[in-house]
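Asks: below is the structure, and that's it, no one-letter string:
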């Protein structure tokens, strides 16, 4: 499992653009994706980039909590059955 996200700036024809990169699971593998957000000079683009990063981290925290709970239940079951 690979978790991560961030921002990348790409230059095209002298203009700079934000891209949001993140990892997603596809067919059992972590795949890096890049999504166009907008121009670097735009406050709206910057706010959207930060919103996407926050949403990604919230999803990752939820997934970790779910997995941790499963492992904790397995450990508790192993300790009580021994």
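Replies: Okay, I see it. Just so we're clear, the structure is a prediction, and the values are computed from it rather than from any experiment.
Asks: now the terminal residues of stretch 24-34, how far apart.
Replies: End-to-end span of stretch 24-34 (CA to CA, to the nearest Å): 11 Å.
Asks: oh, and call the first residue 718 from now on, that's how I've got it
Replies: From this message on, residue numbering opens at 718, which makes the last subject stretch 741-751.
Asks: mean confidence score for that stretch?
Replies: Mean per-residue pLDDT for stretch 741-751: 91.
Asks: and if you look at stretch 787-797?
Replies: 91.
Asks: what about the strands in this structure?
Replies: 722-729, 732-743, 746-756 (DSSP state E).
Asks: tilt between the longest one and strand 746-756?
Replies: Regarding strand 732-743 and strand 746-756, their directions subtend 160 degrees when assessed with axes from the mean of the first three to the mean of the last three CA atoms, to 10 degrees.
Asks: middle-most residue in this protein, spatially?
Replies: In the chain, the C-alpha closest to the average C-alpha coordinate belongs to residue 773, at a distance of 3.8 Å (CA atoms, centre = their mean).
Asks: ok, and the closest non-adjacent residue to it?
Replies: residue 722 (4.4 Å; CB to CB, 6 or more residues apart in numbering). Backbone N, C-alpha and C define where each C-beta goes, glycine included.
Asks: any idea how far that neighbour lies from residue 783?
Replies: 19 Å (CB to CB, to the nearest Å).
Asks: residue 798 too?
Replies: 23 Å.
Asks: of the two, who's got more company?
Replies: residue 783 (9 against 6; other CB atoms under 10 Å).
Asks: relative to residue 731, how far out is the nearest residue to residue 720 once chain neighbours are set aside?
Replies: Excluding the flanking residues, the one nearest residue 720 by CB to CB, 6+ apart is residue 777, at 5.1 Å. Separation of residue 777 from residue 731 (CB to CB) stands at 35 Å.
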